[in-house]
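Student: Got a sequence here, can you build the structure:
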Amino acid sequence: MSRVGKEPINIPDGVTLTVADAVVTAKGKFGELATKLSNHVDVNCVDNQVKVSPTSELKRAHEMWGTTRSNINNLILGVSQGFQKSLELNGVGYRARIQGKELVMQLGLSHDIHYPIPEGIKIECSDQTAIKVSGADKQQVGQVAAEIRAFRPPEPYKGKGVKYIDEYIFRKEGKKK
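Tutor: Reported below is the predicted structural model:
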């Protein structure tokens, strides 16, 4: 029995959810998102609630039960509230700015890094060392934040690099004389 899967999902005001041809589509103030359903689960919308149930007692059906429920919940949260990740640049001379449709970063390399902002993602730089990635699709927001972080991951000796705002960097002691 899936603890995640058996919880119903409440649909907030301003969000419309449609289920047709094994595709769930959610529309809200942040846009429209869709996900494909597995044939191992059933999705029913009743009284502003969505219930997901397995179609059989197969192991694969129970695996997809909670996963499908989480994916539908992420669709609803994405179109109603959106998702965001915050990144921080630590290091002397490390800067970020928005230039047109690109994020331009100076990360201690011999050249600037130009990262094109994908469709459906909004990137803000409140100051030179803070980057906020936001959007409706949770997977895409996390992927863009991970790609930005991968340009210069934080190192354990001085903590220089691009890190998530809530990430803890395990610091190592330097070499002894």
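
Student: switch to C-alpha atoms for all contacts and neighbour counts from now on
Tutor: Fine.

Student: Confirm for me that residue 74 is in contact with residue 140.
Tutor: No: if you go by CA atoms under 8 Å, residue 74 and residue 140 don't touch, sitting 11.7 Å apart.

Student: biggest helix in the chain, by residue count?
Tutor: Ranked by residue count, the top helix of the chain under DSSP state H comes out as helix 59-80.

Student: can you pull the buried residues of it?
Tutor: 61-80 (16 or more other CA atoms under 10 Å).

Student: which residue is nearest the centroid of the chain?
Tutor: In the chain, the centroid-proximal residue (CA atoms, centre = their mean) is residue 138; its distance is 3.0 Å.

Student: how much space between that residue and residue 90?
Tutor: If you measure residue 138 against residue 90 using CA to CA, to the nearest Å, the figure is 25 Å.

Student: can you check residue 44 too?
Tutor: Taking CA to CA, one finds residue 44 at 48 Å from residue 90.

Student: Next: residue 63.
Tutor: Counting by CA to CA - residue 63 and residue 90 are separated by 41 Å.

Student: quick one: the top strand by length along the chain to helix 59-80, angle?
Tutor: In the chain, assigned by DSSP state E, the strand with the most residues is strand 83-90. On the basis of axes from the mean of the first three to the mean of the last three CA atoms, to 10 degrees, strand 83-90 is oriented at 80 degrees to helix 59-80.
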